[in-house]
Each structure stands twice: as C-alpha cells, then as structure tokens.
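J.: Got a sequence here, can you model it:
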Amino acid sequence: ADDWVGKFLKDADLADLRASFDALGFNESTLKALARLDTPGECQEVVSALKLNLPARIRFLSGVKKLKAELENTLIEPPDFHALVSADPYLTPYSRSIFQRYDKYTRIMEQLDKHEGGLVAFAAAYKTRGLNRVDGGIQLREWAPAAQAVSLIGEFNRWNRDTHRATKNQFGVWELIVPDIDGKPAIPAFSRVRLALHTEKGEWVDRVPAWIRRAEPSPINPVYDGIYVPPSDFQWRHPFPPRPAAPRIYEAHIGIASAEPRVATYNNFTDAVLPRIHALGYNTIQLMAIMEHAYYGSFGYQVTSFFAASSRFGTLDDLKRLIDTAHGLGIVVLLDVVHSHASKNTLDGLNEYDGSDACYFHGGGRGRHDQWDSRLFNYSDWEVLRFLLSNLTYFLEELHFDGFRFDGVTSMLYLHHGLGRVFGGYGDYFDDSVDVDACVYMMLANALVHRVRAAAVTIAEEVSGFPALCRPIEEGGVGFDYRLAMAVPDMWIKILKELPDEAWNMGSIVWTLTNRRHGEGTIAYAESHDQALVGDKTIAFWLMDKEMYTHMSVLSERTPVIDRGLALHKMIRLISHALGGEGYLNFIGNEFGHPEWLDFPRVGNGESYLYCRRQWNLVDDALLRYKFLNAFDVLMNHAEQKFQWLSAPQAYISCKHEADKVIVFERAGLVFAFNFHTHQSYADYRIGLAAAGRYRVVLDTDSEAVGGHARLAHDVDFFTQETAWHERPRSMLIYLPCRTAVVFAKQE
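T.: Reported below is the predicted structural model:
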C-alpha cells in the first residue's frame, strides 16, 4: 500500500470515517478513485451516498482534497511492472520514465471513459466526422479551430461558397447538414467536393476535407479533390482468418504488381497476385501505399488523405474484394499505416488545414521533419488523437484489415527522430529526447487495435532498439506485437558490398541475427522495399549483377557468378528466416530474385514505368533460373508451416566456426547446418545436437529442384551418437557441401 494511503486511513481523527469505509467495504483502490473525482459536486454526491454526519463530511472532503494534491504528484504504476523488470532488470533505474508514460496513458484513458464513452467509442468518430449520410440529408463535421468561416463547395452547388455555410461549435468543429432534395441526396454520389475556409489572415483557401473517404486528381490540374462516397452495400463473404502463430509476411505494393509498365489495380492484385502469394506459403500480406498520396513516387509515405484508399488503384469495393478474397485463402492482411508524419501539401493535404501553421501538427520547427520534408503530428492534442485513432478503427471495421505495420516509429519516439544518433546504452532511451506524447499515442493505438480486434497484429518499424516496445502496456510497454529487425538487411547489404566471401564473419552474422530483445517479437527479413529502391540493389542483383541479363537461362552456361548467386540467395534467406526472429518478411518479387531496382516515374527518368513493375514473366518462364529461387521460397515457407520454427523459442547455436565457415543451430526440434565456404565441402562433419534419434534432410538449398547440384540424398538416415560435441550432449556426422544449407528433422 502507498504510504500516504496508510497514513490517511490510520489517522485517529478520522476514526468514524474509517469505520464508514470499513462498513461499506471500501478499499485503497476505492479511496484513490474518490480522490481523483474532478469536481466538488461529484465529491458531494459521494458524501451523500455515504450518509456521513456533518463532521465526517467535512473531514472526508478535506481528506479528499489532500489526497487529490498528493495524487497529482504520484505516478500511476503499471500493474505488471514486476514482470518487465524481472525479464530485464537493467530497466529498473529507469522505472520513473516508464511510470510517467504509463501514468499519462492511464489518465487519458480515464478522461476517455468519463467524457467520450471510452477508447473504442472515441475512436469511432469516422462515423460522425467528414461527410456522412443522416436522416434527411448529408452531414458535414470537420475540425478547423483557427478558421473564421467554412463552406462546403463542390459540383453539387457549382463551387459556390455562399450557399452552404457551416457553423462552429465550442470545440472548433464546423457542422452543416445538406438537406435532401425531393427525398434524394443533394450531393450526388462520387461527385467532387472541397471545403472553403476563411482564415485568420482574411483570405479564402480551399482544402480537401480531412475525413474524406476518397480523393481523385482534378480534371483540370494535378491537385486532388475530395469525392463524396455514399454508404457501400458490399457483401463480405469470408470471416476473418485466425491470427497465425507466426507471420510469414509478403510485403506488396498494388501499383507495381503487374508486368505491364503502368499503375496496376486492386483487381489485378486480387486475380493475378493473391494466388501466387498463397502458393508461396505466406500467411500474411502487408499492403503499402494504400492511404491516399498525391505523389505516386513517394511510395505511399507522403499521405494526403488519411481515410481515403488510393483511387489510382481502383474503387473502395475493389479493395474490399481483395481483402475478402485474401481472407478466403486464410491470409491475414495488414496495412502499412503512416501516422509518423504527413505530406506538406496544402491544397490536397492537411498542412495549414485551417489556415494556421498548426491544427493537426505542431507549429514551428517541431512540426516539421526536414529530412522527409513533411509535417509532424501533435500527439498531445485531443482532436489529433481522435483523428488518428479513428483512422485505425476505420480500416479495421470498414475495410476489414487485420492489423497494421506502423511506419517511422523511431522518428515518432524521439524529438531528434533518431537522426545522427547512436544508441549505445539504456540511458539513450529514457532521456529528455523521448517524445512522451508520441509514445503514449502508440500505447493508445495498440490498446485500441487489440480491443477492436483481439486477433489483430501490430508491427513497429523501429531501428533504435527501444526497450519494452513490444511488451504489454500493463507491464509498462508500448504494446506492439512485433518490431522489424532492421539491422539484418543492413548487415547483408554491407557484407555483399564490402566483403569478399572469404572474409564473411560467422560470429558477426549470428550476432546480428540473434541480437534482439528477449520476449519481444521480431520480424526478420533479408531485404524489403528499402533495398529495392533506386540507389540500392536487391540481394540478387548484388550477387549476380549484369550476368542476370545474360546467364539466367537454363540453356546458357552456369557461370561462377550465377552459381554463387543462386546458392547464397537461398542461404541468406533461410538463415534470416530461421534464426532472425519470430516472423519473416519478403518484398514482392524478391522471392525469385527480381533483377534491377525499383524506380517510380519521375522527371529524372522521363516519367517511365519500366522499373516500376514486377516482371512475373521471368519466374513463369520454365527456361529461366528464377524459377529455382521461387521454388526454394515455396519449400522454405511450407517447411516453416509444418515445423513452426518461427513460433518456437530462440535457437540454440552450437557452432560458429570461422575457418570452416560453418554455422549450426537447433530450433523447433530441427537442426540447421550452413556451410558458407567458397569451395570446401565436408564429409563426416560432426555437429552437436540435443535429441537422440534418426534424422533425415527435410530442406536443402542444394537440391536439384531449387537449382542446386544435388549433392545430398534425402532418403539417407543420419543417426545420433552419444558423443558430446560443441557443448551439446550428442552429435552426428553429416555431409555438408560448400555454399549449402541443410535442415534435418528427427524421424519418428
């Protein structure tokens, strides 16, 4: 019990009050709750309910007042904090910082319960904000506190700002009902609309409504207009799929998902790409660039309309069909959500929305990200919280997304945005540079997502290693399910760019793959969209470069470059998959070694789509060696589905042999052996393991089916010996060819 609570209850002058509490069964939690009552009137109501006499009433109210003062200086502690520090005692000196953010989170939740009907109700504002159908008309509700006047304009009123003026309530929300005409909506479905705002500077400006559900380019200029979308009658056919034990994620971009040099569509993805993903064995899709972005080349990371699914790919019902079809295949669909920043566009974005420098963002320098050339949200503002949290609920409820990958979490967590900072110790995560408001927003977001959909998945794109990011909120964590292992792809690219094969360090590779916070889920990947962008190259292109143009045909010579590239591409992906985390991610096309790079149409490339597509023809051609990499990806994912190594405890690594270039580890009852040596194969190579028995090869990067040399037989039994090896109680002798990885499973 807190000392001040004990002193209060033991005060001799409050004996009658204490007796009243005892008689009513009041405990310390009740007392604390009483002390947090906001108004004297609420306290008087409690006093009346207690039926205390006048002296007791006076003492009670006096005591509550004192307690209230104490509480304002007392931080609310996470109820399960002991679990967090038991798992990581090094967090103990930073408990106050953790308590501060949890305290702020708890007090916001209390205010939501009291004034907004709770978190879930607060975050369902998409049903009442923006343009919504109501009895007798269409209602507009938009927050623009600094605006002096607001009009709804559009094709329906010939863009006349005098005919449909809104009124402003006490919270800065502008409201208007556009009445029906002859029983029909006055605003035609899918017609263009905007807001006209009169600013404090005395000028009229046009804006796209912040809560708009669709936006399209104007027919007369590149600027986007809002589109009024009536309620949809889309019929969902499939239930939500169960949450996978471990996500095998296929990261995809709708627009590039065709071999044709054009912007591909939702329907193309549904009909042509979903079957590929399902056949590959992925159980999760992560969709990029769904939130509307006026500039296609931003890869979807300069969002202009947060509630609008990108119109360049098709209609909202087309996107719903995509998600529904994926659910029918048992595939979970995640949205790459961008709440870390927003486009600085004014005419079709949120920047200077109400004419001020702030509104949804911090004013001044804090509201700008100079490197990204974008605006930064003010997570301490009540209406900004309503906007962003409702954005999540909208995608969960209306579009049936199964969760989110949160972009730019490192930038959100720190006032310095992680730029130019080296995180060398725990103190770097708990100093004054931490943006507590942003951290609390992410706690609220995770709490919301898991309340709206208990099986939802949340992933943080975070590079600093922020402690407790993926621990439960009740422990003092931020509440994410997984974080991305962003150091892993950086390691592979650095190795391929800077080191000859002979200089690869086995210990360093293992360290990077396993250097993650225990008890916090991690998504491993060898490469993502970041490595595919122009200015960098995919792993396949780093390995094989120009010979991919001349020697990927099975009819051509298998050069040393191609032989090495095929072998290492498979090995890199398997060791990342098996050792790097509790989930795995692949970017669209990289599973088959997509060549070259990704470059969106822009002035610098003549607005070309040549490198802004996925060349499925390469993997579909039986005469090209891309099919081998694709085949291995299928076998690898299906092996994980069978043996469940991603959801198993972290691997036990028994061997990191620098001279032999061998790595051996056990996970999920399997034994993984990797030989990265350029030319040395090993006969009767002894490896350590725990479980006695008979083993066979269940996955092999050198098999003929995946473009290897077929140096390993899959019908041979390997028997363990009671010879301890590499600190394991048993061992067995295997044949381990050069540049080969092999996985053994015990046979029943």
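J.: And the closest residue to residue 526 other than its chain neighbours, how close does it get to residue 734?
T.: Nearest non-adjacent residue to residue 526, counting by Cβ to Cβ, 6 or more residues apart in numbering: residue 576, 4.4 Å away. In this view, the C-beta of every residue, glycine as well, is placed from N, C-alpha and C. Taking Cβ to Cβ, to the nearest Å as the measure, residue 576 falls 22 Å from residue 734.
J.: out of those two, which sits in the more crowded spot?
T.: More crowded of residue 576 and residue 734, by other Cβ atoms under 10 Å: residue 576, with 25 against 21.
J.: can you pull the contacts of the more buried one?
T.: When contacts are counted by Cβ atoms under 8 Å, 6 or more residues apart in numbering, residue 576 touches 488, 492, 513, 524-526, 584.
J.: three-state assignment of it?
T.: helix (DSSP: H, G, I helix; E, B strand; the rest coil).
J.: how far out from the middle of the chain is the strand or helix carrying residue 113?
T.: For residue 113, the host element (DSSP states H and E) is helix 95-115. Distance of helix 95-115 from its chain centroid, counting by Cα atoms, centre = their mean, to the nearest Å, is 23 Å.
J.: then that helix to PDB, C-alphas only?
T.: Coordinates of each C-alpha in helix 95-115 appear next as PDB, following Å, rounded to 0.1, in the frame of the first residue of the first chain:
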ATOM      1  CA  SER A  95      11.300   3.000 -13.800                       C
ATOM      2  CA  ARG A  96      10.200   6.600 -13.300                       C
ATOM      3  CA  SER A  97      10.400   7.300 -17.000                       C
ATOM      4  CA  ILE A  98       8.200   4.200 -17.600                       C
ATOM      5  CA  PHE A  99       5.800   5.200 -14.900                       C
ATOM      6  CA  GLN A 100       5.500   8.700 -16.400                       C
ATOM      7  CA  ARG A 101       4.300   7.500 -19.800                       C
ATOM      8  CA  TYR A 102       2.000   4.800 -18.200                       C
ATOM      9  CA  ASP A 103       0.600   7.500 -15.900                       C
ATOM     10  CA  LYS A 104      -0.200   9.800 -18.800                       C
ATOM     11  CA  TYR A 105      -1.700   6.900 -20.700                       C
ATOM     12  CA  THR A 106      -3.900   5.900 -17.800                       C
ATOM     13  CA  ARG A 107      -5.100   9.500 -17.100                       C
ATOM     14  CA  ILE A 108      -6.100   9.900 -20.800                       C
ATOM     15  CA  MET A 109      -8.000   6.600 -20.600                       C
ATOM     16  CA  GLU A 110      -9.800   7.800 -17.600                       C
ATOM     17  CA  GLN A 111     -10.800  11.000 -19.400                       C
ATOM     18  CA  LEU A 112     -11.900   9.000 -22.400                       C
ATOM     19  CA  ASP A 113     -14.100   6.800 -20.100                       C
ATOM     20  CA  LYS A 114     -15.600   9.900 -18.400                       C
ATOM     21  CA  HIS A 115     -16.100  12.200 -21.300                       C
END
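J.: ok, and what's touching it?
T.: Applying Cβ under 8 Å, 6+ apart, the contact partners of helix 95-115 are 36, 38, 75-78, 81, 84-85, 91, 118-119, 122, 385, 430, 434, 436-437, 439-440, 443-444, 447, 468, 473, 476.
J.: cool, stretch 309-322 as well?
T.: So stretch 309-322 is contacted by 213-216, 227, 229, 232, 234, 236, 254-255, 263-267, 269-270, 274, 289-293, 296, 300, 333, 399-400 (Cβ under 8 Å, 6+ apart).
J.: Please name every helix or strand in contact with the helix or strand hosting residue 389.
T.: Assessed by DSSP H and E, residue 389 sits inside helix 382-397. Judged by 3 or more Cβ pairs under 8 Å, 6 or more residues apart in numbering; DSSP states H and E, helix 382-397 is in contact with helix 119-122, strand 305-309, strand 332-337, helix 436-452.
J.: can you pull the buried residues of that helix?
T.: Neighbour counts over helix 382-397 (16 or more other Cβ atoms under 10 Å) mark 383-396 as buried.
J.: from those residues, which is closest to residue 370?
T.: Nearest to residue 370 among these is residue 384, at 21.0 Å by Cβ to Cβ.
J.: List the residues that contact that closest one.
T.: Residue 384 makes contacts with 360, 377-378, as judged by Cβ under 8 Å, 6+ apart.
J.: Who wins on neighbours among those residues?
T.: Neighbour counts for those, by other Cβ under 10 Å, peak at residue 360, which reaches 25 neighbours.
J.: In contact with the closest residue to it other than its chain neighbours, which residues?
T.: Spatial nearest neighbour of residue 360, chain neighbours left out: residue 350 (5.0 Å); criterion: Cβ to Cβ, 6+ apart. If a contact means Cβ under 8 Å, 6+ apart, then residue 350 has 210, 304, 306, 342-343, 359-361, 375 as its contacts.
J.: Could you confirm residue 350 falls within a strand?
T.: No - counting by three-state DSSP, residue 350 is not found in a strand; it is coil.
J.: quick thing: my sequence starts at 58, can you match it?
T.: Okay, using 58 as the starting number, the last item reads as residue 407.
J.: any idea how far residue 743 is from it?
T.: Applying Cβ to Cβ, the value for residue 407 to residue 743 is 63 Å.
J.: Also residue 635?
T.: Applying Cβ to Cβ, the value for residue 635 to residue 743 is 21 Å.
J.: How about residue 151: what's its closest non-neighbour residue?
T.: Leaving aside its sequence neighbours, residue 151 sits nearest to residue 487 (Cβ to Cβ, 6+ apart; 4.3 Å).
J.: which residues sit in contact with the closest residue to residue 312 other than its chain neighbours?
T.: Nearest non-adjacent residue to residue 312, counting by Cβ to Cβ, 6+ apart: residue 320, 4.7 Å away. The contact partners of residue 320, taken as Cβ under 8 Å, 6+ apart, are 312, 353, 369-370, 666.
J.: any idea which of the residues you listed has the most stuff around it?
T.: Top of these by neighbour count (other Cβ under 10 Å): residue 312, with 25 neighbours.
J.: So that residue lies in a helix, does it not?
T.: Yes - under three-state DSSP, residue 312 sits within a helix.
J.: Please pull out the lowest mean pLDDT helix or strand from this structure.
T.: helix 60-67 (a mean of 45; mean pLDDT, DSSP states H and E).
J.: what's across from residue 187 in the sheet?
T.: Judged by DSSP bridges, the bridge partners of residue 187 are residue 198.
J.: So which of the contacts of residue 633 sit within helices?
T.: Per DSSP state H, helices hold the following members of those: 545, 549, 570.
J.: any chance of those in TSV, with pLDDT too?
T.: As requested, these are exported to TSV (pLDDT from 0 to 100):
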residue	pLDDT
545	97
549	97
570	98
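J.: ok, of those residues, which come out buried?
T.: 545, 549, 570.
J.: gap between the residue nearest to residue 583 and residue 787?
T.: 27 Å.
J.: before we move on, what about residue 656?
T.: Using Cβ to Cβ, residue 656 is found at 52 Å from residue 787.
J.: Which parts of the stretch 258-407 of the chain are strands?
T.: Along the stretch 258-407 of the chain, counting by DSSP state E, counting those that start in this stretch, strands occupy 261-264, 272-274, 281-284, 305-310, 341-345, 348-349, 362-366, 389-394.
J.: what's the closest of those strands to residue 805?
T.: Nearest to residue 805, of those and by Cβ to Cβ, is strand 305-310 at 25.4 Å.
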